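**Student:** got a structure for you, letters missing:
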């Protein structure tokens, strides 16, 4: 019998402890943020899913072994219905797509699809989505397959995609509210090298720069995260630096020093690039703005077509998978050989396994 199991430590607790030991060896962990992460994870199975990609990577081959052998490509990894947002391209146009790339690695293409649908299942259980589980799976797969077959296409919101544009321009993303919230963060003095890094990515004319700490996300909670806000030509500009780590997929599979695959993925993907997203000197730097960031489920319009939104999420997933040369033909061939309902069945299996982990994590209490 495994010694940890014999001592009463469940697999999810053992994995969490091991992952966080590795985290502490690689970054200066913000312990209060890690404590908050544990609290948030106990409060919601959807949030637990977002915070435990390291555990998902271990559950994957055990729970859906047939999919573990699916064609591999550069995938997002930690994909879920709240990992989508907007940014401005070099033309100033508003673009929609996947927002976070912390866990990018080479993995079976189905990881992204199954995780996206699993997150929709949990969001429905928590009354944040209304679409039936099977319909969610069908919508994601329809959007994904159609985008792969067509060669993909960026989501430019200027005159198209009204559902997505309404989310992007919603009241919760009002510029006055955004900047008011940002400048009320806790002031900090980042290390000199981080100050220089942020200053280097602020626009010309930036002055009177102030630095803040920021608590955001779930999976990355515990990593240092700094924000620089500066006066710039009559307004404000902001940049964020977040400590970078190799993907938990690599960690779970014995490759704890994997490369920053996000850079490679974004360079080749079918999308309008965010010109201010960069991985440099062990930090992820990006622009923050009222319409440059993640869109939460609470920011979805009250009257929305969830099927169309999930189809768009599937299509955007394909846009990213197209970054791997030659992968689309192999993936489409694999999809053609799978039985109807396979995505829903796999997402349900992973949802059940994740929920069991969540209950075990909650039972362990504060000492987890």
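**Tutor:** Great, that's in hand. Predicted model, so just to flag it, every value in this text is computed and none were measured. Numbers count the residues shown, from 1 in each chain.
**Student:** Show me the shaky parts of this structure.
**Tutor:** 1-8, 171-172, 366-368 (pLDDT under 70).
**Student:** Show me which helix runs longest in it.
**Tutor:** helix 342-364 (DSSP state H).
**Student:** residue ranges of the helices in the stretch 1-150 of the chain, please?
**Tutor:** All helices of the stretch 1-150 of the chain, identified by DSSP state H, counting those that start in this stretch, fall at 3-6, 11-26, 31-43, 45-51, 53-63, 110-125, 133-150.
**Student:** Need the residues that contact the second one.
**Tutor:** This means helix 11-26. By CB atoms under 8 Å, 6 or more residues apart in numbering, the surrounding residues in contact with helix 11-26 are 4-5, 9, 29, 34, 52, 54-55, 58, 222-223, 245, 248, 251-252, 256, 357, 360-361, 364, 368. Placement of C-beta: from N, CA and C, glycine included.
**Student:** Please apply the same query to the longest one.
**Tutor:** With contacts defined as CB under 8 Å, 6+ apart, helix 133-150 is touched by 113, 116-117, 120-121, 124, 129, 131, 153, 306-308, 310-319, 321-322, 328, 331-332, 335, 341, 343-344, 347-348.
**Student:** which other helices and strands contact the helix or strand just after that helix?
**Tutor:** With elements assigned by DSSP states H and E, the helix or strand that comes after helix 133-150 is strand 155-156. Packing contacts for strand 155-156, counted by 3 or more CB pairs under 8 Å, 6 or more residues apart in numbering; DSSP states H and E, involve strand 94-98, helix 306-321.
**Student:** Relative to residue 105, which of these is closest?
**Tutor:** Of all those, helix 306-321 sits nearest to residue 105, with 12.6 Å by CB to CB.
**Student:** so what secondary structure elements neighbour that closest one?
**Tutor:** Against helix 306-321 (3+ CB pairs under 8 Å, 6+ apart) you get strand 72-75, strand 94-98, helix 110-125, helix 133-150, strand 155-156, helix 162-168, helix 327-336.
**Student:** Compute the inter-axis angle for it and helix 110-125.
**Tutor:** 160 degrees (axes from the mean of the first three to the mean of the last three CA atoms, to 10 degrees).
**Student:** Now helix 306-321: buried residues?
**Tutor:** By neighbour count on 16 or more other CB atoms under 10 Å, the buried set for helix 306-321 is 306-307, 309-321.
**Student:** burial of residue 180, as a residue count?
**Tutor:** The burial count assigned to residue 180 is 10, neighbours taken as other CB atoms under 10 Å.
**Student:** Tell me, how many residues neighbour residue 110?
**Tutor:** Residue 110: 26 neighbours (other CB under 10 Å).
**Student:** Out of the helices of the stretch 1-150 of the chain, which one sits most buried?
**Tutor:** helix 110-125 (a mean of 26; mean count of other CB atoms under 10 Å).
**Student:** For that one, what is the distance to the chain centroid?
**Tutor:** Relative to its parent chain, helix 110-125 has a centroid offset of 12 Å by CA atoms, centre = their mean, to the nearest Å.
**Student:** helices or strands next to it in the packing?
**Tutor:** By 3+ CB pairs under 8 Å, 6+ apart, helix 110-125 packs against helix 45-51, helix 133-150, helix 306-321, helix 342-364.
**Student:** Out of these, the one nearest residue 103 is which?
**Tutor:** Among these, helix 45-51 comes nearest to residue 103, with 10.8 Å by CB to CB.
**Student:** I'd like to know which elements that closest one is packed against.
**Tutor:** So helix 45-51, by 3+ CB pairs under 8 Å, 6+ apart, packs with helix 31-43, helix 110-125, helix 342-364.
**Student:** right, and these - which one's nearest residue 212?
**Tutor:** Residue 212 sits nearest to helix 31-43 of all the helices and strands packed on helix 45-51, at 13.9 Å, using CB to CB.
**Student:** dump the residue contacts of the residue nearest to residue 58 when sequence neighbours are not counted.
**Tutor:** Among residues not flanking residue 58 along the chain, residue 252 sits closest, at 5.2 Å (CB to CB, 6 or more residues apart in numbering). Going by CB under 8 Å, 6+ apart, residue 252 touches 15, 54, 57-58.
**Student:** could those go into TSV alongside distance to residue 72?
**Tutor:** Formatted as TSV, the contacts of residue 252 follow (distance: CB to CB, whole Å):
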residue	distance to residue 72
15	22
54	19
57	13
58	17
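**Student:** Just the closest of these to residue 104, please.
**Tutor:** residue 57 (12.8 Å).
**Student:** I'd like the distance between the residue lying closest to the closest one once chain neighbours are set aside and residue 16.
**Tutor:** Excluding its sequence neighbours, the residue lying closest to residue 57 (CB to CB, 6+ apart) is residue 252, at 3.6 Å. Counting by CB to CB, to the nearest Å, the gap from residue 252 to residue 16 is 12 Å.
**Student:** Is it correct that residue 185 is in contact with residue 216?
**Tutor:** No: between residue 185 and residue 216 there is no contact under CB atoms under 8 Å: 10.1 Å.
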